[in-house]
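Engineer: here's my sequence, what's the structure:
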Amino acid sequence: MKNILIISLLFATLISCSKELGDLKYAETIPGGCALGKGTSLDNSLTSDIDKVTCKISNDSLNIFVGFNATCCGQYSTSSEIREDTIFIKILTTQIGTCNCICYYTYNFKFTGSGENYKYKVTVDDTLNFNGEIKP
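Structural biologist: Okay, the predicted model is just below:
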């Protein structure tokens, strides 16, 4: 009887310590900067920044901002997937930029819902890789 009680307590502890991931869901991707077709070699207002990923949580939503420098006039496709405790974001070139300038492409990936700690893995053309953890 004592063994059954110990096993039951151990099992209950494991269940109660398992991570609750919440109901986080992908909502949309909002392109900005050169992703909107802005910024050519004639555009002096174009500004560049460092390649980066930032995360912001507010009002049961998560925004993951991705910014990167690449040749102007390129086109990209985006995808996002949530598997277990990790958000996977991919940005892939669909048309190589051929203009003689550098653009700062930005994408804001929006998610709704809540959850505990998530990890993210962002890849841009399998050449830029960003990994991190999001803590509410």
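Engineer: just to check, Thr54 is in contact with Thr106?
Structural biologist: No - look at Thr54 against Thr106 with Cβ atoms under 8 Å: they stay out of range, at 10.6 Å. For the C-beta atoms, the positions are set from N, CA and C on the backbone; glycine is no exception.
Engineer: so for those two, which residue has more residues nearby?
Structural biologist: A side-by-side neighbour count of Thr54 and Thr106, using other Cβ atoms under 10 Å, places Thr106 first with 18 against 12.
Engineer: and that one, what helix or strand is that in?
Structural biologist: Using DSSP states H and E, Thr106 sits in strand 102-112.
Engineer: give me the buried positions along that strand.
Structural biologist: Across strand 102-112, burial judged by 16 or more other Cβ atoms under 10 Å covers 103-109, 111.
Engineer: low-confidence regions, the chain specifically.
Structural biologist: In the predicted model, the chain carries pLDDT under 70 at residues 1-22, 37-48, 115-116.
Engineer: so where do the helices sit in it?
Structural biologist: Taking DSSP state H, the helices of the chain run over residues 2-17.
Engineer: in it, mark out all the strands, start to finish.
Structural biologist: 25-33, 52-58, 61-71, 75-83, 86-95, 102-112, 118-124, 128-134 (DSSP state E).
Engineer: using CSV, list the CA coordinates for the fourth one.
Structural biologist: The one in question is strand 75-83. Output in CSV follows, covering the C-alpha atoms of strand 75-83 (Å, rounded to 0.1, in the frame of the first residue of the first chain):
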residue,chain,number,x,y,z
GLN,A,75,10.9,39.5,-52.3
TYR,A,76,10.4,37.1,-49.4
SER,A,77,7.8,34.6,-48.2
THR,A,78,7.2,34.1,-44.5
SER,A,79,5.9,31.2,-42.4
SER,A,80,5.4,30.6,-38.7
GLU,A,81,4.6,27.4,-36.7
ILE,A,82,4.3,26.6,-33.0
ARG,A,83,5.5,23.2,-32.0
